[in-house]
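**Q** give me the fold of what follows.
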Amino acid sequence: MKTPQINRGAPVSMLLLLLLTGVCINGYKPVIIVHGIFDGPKQFETLSSFITKVHPGTEVSVIDLYDNMASLKPLWRQVRDFRKAVDSIMQKAPDGVHLLCFSQGGLICRALLATLPDHNVHSFISLSSPQAGQYGDTDYLKWVFPDCMKKTVFRICYNRFGQKVSICDYWNDPHQRSRFLQSNSFLVMLNGERPHSDMKVWRENFLRIKKLVLIGGPDDGVITPWQSSHFGFYNNTESIVEMRNQDFYRNDIFGLKTLDARGDMSVCVHSGVKHVQWHSNFTYHIPFFCYNHDKSNTFCLTLY
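**A** Predicted coordinates:
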């Protein structure tokens, strides 16, 4: 099994390699961006402009759905509508697309990849997304549940009402494991932690991607634990269980281990970047170049 490439930071000039390095063919694959909680297309204007400036002609689509407060709607409802929007773009791109998904959007994208047969997503870039769940007293939590601390949020999230709020769909209280497995209707389904009849098909659909890039860092300040952006999470003593020690990885439930074995998964760790700066401030060393395409030790993410 190949070890996923771990990159710990690089100058912003390397971001140009994201767009400029690759095998020359006619045109570039469209880039589809899915925003996170409490934001929308406006927050991605800088990134979109940068991509089109460096690579004129690249089609960049930031999906304008469930913006701002509407991002609190149940995630399965959001997945349904984002899937329709993404599918319409893919139908016009026979050579495939790249999917860049931020924060909560990374979970939406994972779900639409699992549930969208015959998708043609080449690269799935999960940018600071709570892929293994969320459990922390952050500002975002206070905005949603101002009178709650992390230890009591399960009382809201793990019931029928709570599952109608997006953050509850991936709220993963390590001290309430049995309630999480019983009551959650989103993340446990994606991870296959509660068996269901679509697990095999979802796994096959997800494995249609050619590359998976997981990006996150210790100074994020929102994704808690920050290792969740790399599929790591707390155990019941709040110690981190890394991705490869998670049951869903070891049992290869939804394809993560297979991607790793194929050499098609890259893990990027970067310090000094706060959550809202991953996509908006290019003065930071944003590690969007994480693929080891060959033995030349050239690390870049190509949008060809």
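
**Q** what stretches of the chain score poorly on pLDDT?
**A** Along the chain, the model assigns pLDDT under 70 to residues 1-27, 281-304.

**Q** quick one: the helices in it?
**A** 13-20, 45-54, 75-90, 104-115, 139-144, 154-157, 177-183, 187-190, 199-206, 247-250, 256-262 (DSSP state H).

**Q** pick the most deeply packed of those.
**A** helix 104-115 (a mean of 26; mean count of other CB atoms under 10 Å). Where you see a C-beta, it was placed from the backbone N, CA and C, and this is true even at glycine.

**Q** if I look at C157, how far off is G133?
**A** According to CB to CB, to the nearest Å, C157 and G133 sit 11 Å apart.

**Q** overlap in contacts, those two.
**A** W171 (CB atoms under 8 Å, 6 or more residues apart in numbering).

**Q** residues contacting stretch 184-195, please?
**A** So stretch 184-195 is contacted by 74-76, 107, 110-111, 114, 132-133, 157-158, 163, 168-172, 180-182, 196, 199, 202-203, 247-248, 253-254 (CB under 8 Å, 6+ apart).

**Q** for D87, which non-adjacent residue is spatially closest?
**A** L116 (6.4 Å; CB to CB, 6 or more residues apart in numbering).

**Q** give the contact list for that neighbour.
**A** Taking CB under 8 Å, 6+ apart as the contact definition, L116 lies against R83, V86, D87, N205.

**Q** cool, F161 as well?
**A** No contacts exist for F161 under CB under 8 Å, 6+ apart.

**Q** so W202 makes contact with T115?
**A** Yes: in this structure, W202 is within contact of T115 by CB atoms under 8 Å, at 6.5 Å.

**Q** give me the neighbour count for the nearest residue to C157 once chain neighbours are set aside.
**A** What sits nearest to C157 in space, not counting adjacent residues and going by CB to CB, 6+ apart, is C168, at 3.6 Å. Applying other CB atoms under 10 Å, we find 27 residues neighbouring C168.

**Q** which of the contacts of L116 lies closest to V34?
**A** Nearest to V34, judged by CB to CB, of those is V86 at 7.8 Å.

**Q** which ones are touching the residue nearest to C157?
**A** Per CB under 8 Å, 6+ apart, neighbours of C168: V153, I156, C157, Y158, G162, N184.

**Q** hmm, back to that, any chance of the helices of the chain in CSV, plus distance to Y28?
**A** Output for these, formatted as CSV (distance: least, CB to CB, whole Å):
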stretch, distance to Y28
helix 13-20, 8
helix 45-54, 9
helix 75-90, 14
helix 104-115, 20
helix 139-144, 34
helix 154-157, 41
helix 177-183, 41
helix 187-190, 30
helix 199-206, 24
helix 247-250, 32
helix 256-262, 23
